[in-house]
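Student: What follows is a predicted protein model with its sequence.
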Amino acid sequence: MSMEPRQILAPDGTLRGDSPLEMAEIRRLYRAMVSARVYDHKASAMQRQGRLATYAQFEGQEACQIGSVAPLLAQDWLAGTYRDAAAMWFHGYTWRNLLLGRTGDERGGQAPEGVRVLPPSITVGGHMIHAVGLGWAERLQGSDGVALTLFGDGATSEGDFHEAMNFAAVFATPTIFFCQNNGWAISMPREQQTKSETIAQKAAGYGMVGELVDGNDLLAVYDVTKAAVDRARSGVGPTLIEGLTFRVGPHTTNDDAGRYRTDDSVAAWRERDPIERVRRYLVAQDMWDEQWQTDIEAAEAQAVEDAVAAAEALEPFTAGEMFDAMYSEPTAQIVEQRKEAERG
Amino acid sequence: MAELNIAQALNSALGIALEDAKVVLIGEDVGTTGGVFRVSDGLQQTHGPARVIDTPVAESGIVGAAFGMAVAGMKPIAEIQFMGFSYPAYDQVINHVARIRNRSRNRFTAPLVLRIPYGAGIGAAEHHSESAEAIYVQAPGVKVVVPATPYDAKGMLLAAVDDPDPVIFLEPIRLYRSIRQEVPDEAYRVPLGVAAHRREGTDVSLVGYGSMMRELTAAADELTASGISVDLIDLRSLVPFDAEVVIDSAQRTGRVVIVQEAPRSAGFAAEIAAQIQEKALYSLNAPVERVTGYDIVVPLRRAEKHFVPSVERVVAAARRTLQA
């Protein structure tokens, strides 16, 4: 079953069709991708300094994450993974809470009031079915809200993927399944993960629309996801989108990718960098200059620095505070154990 | 003999086990990269990808496939990367692996080994620090064992491979590289279901297993230094549970502190305390103490030190029994 990935913006920055977005919006999304990369690099550096626990880089996947969230409205839900910080931030999460989570602090899991972003899924695959329930509930409650779930190629091997896809199709829930196929699940390459030629084609077996898209093409990711969001919002049903991208970094900062892949494979993908591609387009349109780039990087670096300072200023939980937020009212056992822990 | 840590001792055991053509090692990232904790480092290079098998990301699939292999006469050693990832496979464990002997009236058995790293203390991400041994104890039909030393790790893993029943083999994450010990190069077995009497004493019994043995040993040192005679027991095996050693100890000291990292309610410590109450109540001079994790989600890095039972908490509990 052969599918050609949808592409609008070629790696050299030239358009292969009409842009689905106005220039101002392209510049806004470009800026968001640059901001996300500033965060990603900063977080990686902080991990090396011992200020963060394990960190999962998303470098190279910015177009998938910014481009897929861009069509969402504030009423729409996002359920992603530990590698989806850019998407979470773009849908309203704060860098401060993302960083706080990575320092190993539960308070990082709290979305700002009104922001419909679930805490990142750390186990693989369990959250895809949540996006079925989230979207379903919107429809049952008379809203036209939709739910987007992000996951990787590895997650499609979990049994939960099957159940989520099947439920979504059977109940025609307003769910968008966006698989960031970044080529690797820790050390397992995509071609050993599934014998299916594409992940997108799996949609056919569920009676669902499947789309294959160049995941490093911001415009194509936006276009395909926007169409899926529109289908979901109008009640047509779910869509599976496979974005072809690449995990430029290791699985996490605990992983040594040199044990299972060559640097050459990474270099080839760096040539297809999603941010550079849009920059080339903007340059050709005379809508980019060095000063603007410097300004947005500096502004975001400051924003991330501020977020780091805010996260690090927060005192760690006391022994007693770790008992908070277990139940609406603490059980007698928790009250007793809390006292015991506070005594030391 | 070589001085090995637990990860290396397990690697040695796996290498020996794989000399038997019926044995396969199956799990996520166990091959090319040698496992997330490098326990199977180099084994795929030696034994090939057909016997050291990297799987798609599918825990239920790993255990279900291992079940099928075991029923059909193979000896699979399956690995789940972290205990918090083992739950998708729990249906396979409790409904299939644990029950096949019983429901086929001994016609079929699934003598697989399921290796699961467990426990907190390394500042890991969510779902990477669980101690859920009690749910496996509640799956009658599987054995549940927990080594705490390099010597036991190797000998118990080889015994688990030989065992005619399925064995859940728990590996304490924070001890993987923290203890070194002389370990024979050759194969040997440490029998499952037999507790280790680490220290003989007369005043108070300290009972624990797995990840907590480091704290228990330090607590025993501290108590000994202040003139208290400690009877120190490393259970090593929860199913079968070596109750005799614990009951005997309780009868001799009359004071028992049981330590587990898992949340308190319905943890394995409760089972031990109940058996002591049933079989040694009249020998007790003080209430049996439990030092455990709390009934909360295991905290992340910044607060996990408050959760894992500390040496201080164990010592304080022992002193309470002595004051009673």
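Tutor: Perfect, I can see it now.

Student: CA atoms for contacts and neighbours, from now on please.
Tutor: Fine.

Student: Tell me if I'm right that B:I94 and B:K143 touch.
Tutor: No - contact status for B:I94 versus B:K143: not in contact, 11.7 Å apart, counting by Cα atoms under 8 Å.

Student: Tell me which residue lies nearest the centroid of the chain.
Tutor: All of this is about chain A. For chain A, the residue nearest the mean C-alpha position is A:D84 (2.8 Å; Cα atoms, centre = their mean).

Student: meant chain B, my bad for not saying
Tutor: By Cα atoms, centre = their mean, the mean C-alpha position of chain B lies nearest to B:V146, the distance being 1.9 Å.

Student: Looking at B:I94 and B:K143, which one has more neighbours?
Tutor: Counted by other Cα atoms under 10 Å in any protein chain shown, B:I94 and B:K143 do not tie: B:K143 has more neighbours, with 24 against 19.

Student: Just the pLDDT for that one.
Tutor: Confidence at B:K143, expressed as pLDDT, is 98.

Student: What backbone torsions are found at it?
Tutor: Its backbone dihedrals place B:K143 at phi -90, psi 150, with angles given as degrees, to the nearest 10.

Student: who in chain A is up against chain B?
Tutor: When proximity is defined as Cα under 8 Å from any Cα of the partner chain, chain A approaches chain B at A:53-54, A:103-106, A:122-124, A:154-155, A:157-159, A:185-188, A:192-194, A:255, A:259-260, A:316-319, A:322-323, A:326, A:333-334, A:337, A:341, A:344.

Student: and A:G142, how many neighbours does it have?
Tutor: As a burial measure, the neighbour count of A:G142 was computed by other Cα under 10 Å and equals 8.

Student: From chain A, how far out is B:R214?
Tutor: Counting by Cα to the nearest Cα, to the nearest Å, the gap between B:R214 and chain A amounts to 19 Å.

Student: do the least confident helix or strand in chain B by mean pLDDT and chain A meet?
Tutor: Least confident element among the helices and strands of chain B, by mean pLDDT, DSSP states H and E: helix B:304-307 (a mean of 93). Yes - counting by Cα under 8 Å from any Cα, chain A is contacted by helix B:304-307 at B:H306, B:F307.

Student: for that helix, packing partners?
Tutor: With contacts taken as 3 or more Cα pairs under 8 Å, 6 or more residues apart in numbering or on different chains; DSSP states H and E, helix B:304-307 sits against no other helix or strand.

Student: which residues touch whichever helix or strand comes after it?
Tutor: Remark: after helix B:304-307, the chain's next helix or strand is helix B:311-323, criterion DSSP states H and E. Residues outside helix B:311-323 that contact it (Cα atoms under 8 Å, 6 or more residues apart in numbering or on different chains): A:344, B:203-204, B:206, B:215-216, B:218-220, B:222-223, B:255-257, B:259, B:285-291.

Student: burial of the residue of the stretch 1-150 of chain A found nearest chain B, as a residue count?
Tutor: Of all residues in the stretch 1-150 of chain A, A:G104 sits closest to chain B, at 4.4 Å by Cα to the nearest Cα. As a burial measure, A:G104 scores 24 neighbours (other Cα under 10 Å).

Student: Could you do B:I228 as well?
Tutor: Under the neighbour criterion other Cα under 10 Å, B:I228 is assigned a count of 18.

Student: Equivalent analysis for the one 3 residues further on, please.
Tutor: Using other Cα under 10 Å as the criterion, B:D231 is surrounded by 24 other residues.

Student: Is it located within a strand, as I assumed?
Tutor: Yes - secondary structure assignment (DSSP: H, G, I helix; E, B strand; the rest coil) places B:D231 inside a strand.

Student: Excluding chain neighbours, what is closest to it?
Tutor: Leaving aside its sequence neighbours, B:D231 sits nearest to B:G201 (Cα to Cα, 6 or more residues apart in numbering or on different chains; 4.0 Å).

Student: Let me see the ranges of the helices in the chain.
Tutor: Because you didn't say which chain, this covers chain A. A:23-48, A:62-69, A:85-90, A:95-103, A:128-140, A:159-170, A:190-193, A:202-206, A:218-233, A:263-270, A:274-284, A:290-313, A:332-343 (DSSP state H).

Student: that's the wrong chain, I meant chain B
Tutor: Taking DSSP H, the helices of chain B run over residues B:6-17, B:43-47, B:59-71, B:90-92, B:100-103, B:133-137, B:150-162, B:213-225, B:243-253, B:268-280, B:304-307, B:311-323.

Student: coming back round to it: contacting residues for the residue nearest to the centre of chain A?
Tutor: With contacts defined as Cα under 8 Å, 6+ apart, the neighbours of A:D84 are A:F58, A:Q65, A:P120, A:L150.

Student: okay, residue 70: pLDDT?
Tutor: Just so you know, I chose chain A. The predicted local confidence for A:A70 comes out at a pLDDT of 98.

Student: ah, I was thinking of chain B
Tutor: According to the prediction, B:A70 has pLDDT 97.

Student: Chain A contacts on chain B?
Tutor: In this structure, chain B approaches chain A at residues B:28-29, B:32-33, B:36, B:54-60, B:84-85, B:123-127, B:294-297, B:299-303, B:306-307, B:313, judged by Cα under 8 Å from any Cα.

Student: Now, of the residues of chain A next to chain B, which are buried?
Tutor: Buried subset of the residues of chain A next to chain B (neighbour count, 16 or more other Cα atoms under 10 Å in any protein chain shown): A:53-54, A:103-106, A:122-124, A:154-155, A:157-159, A:185-188, A:193, A:255, A:316-317, A:319, A:322-323, A:334, A:337, A:341.

Student: Would you mind listing where the stretch 101-250 of chain A has pLDDT under the threshold?
Tutor: Of all residues in the stretch 101-250 of chain A, none has pLDDT under 70.

Student: Leaving out chain neighbours, which residue sits closest to A:K226?
Tutor: Setting aside the residues directly before and after it, A:K226 is nearest to A:P71 in space (Cα to Cα, 6+ apart), at 5.2 Å.

Student: Pull up the gap between B:G293 and B:V308, please.
Tutor: As judged by Cα to Cα, to the nearest Å, B:G293 and B:V308 stand 6 Å apart.

Student: shared neighbours of these two, anything?
Tutor: Taking Cα under 8 Å, 6+ apart as the contact rule, the neighbours common to B:G293 and B:V308 are B:E261.

Student: does B:L206 really touch B:I233, like I thought?
Tutor: Yes - proximity of B:L206 to B:I233 meets the contact threshold set by Cα under 8 Å, at 6.2 Å.

Student: and the two? which has more neighbours close in?
Tutor: Neighbours of B:L206 and B:I233, each counted by other Cα under 10 Å, are more numerous for B:L206; the result is 29 against 24.
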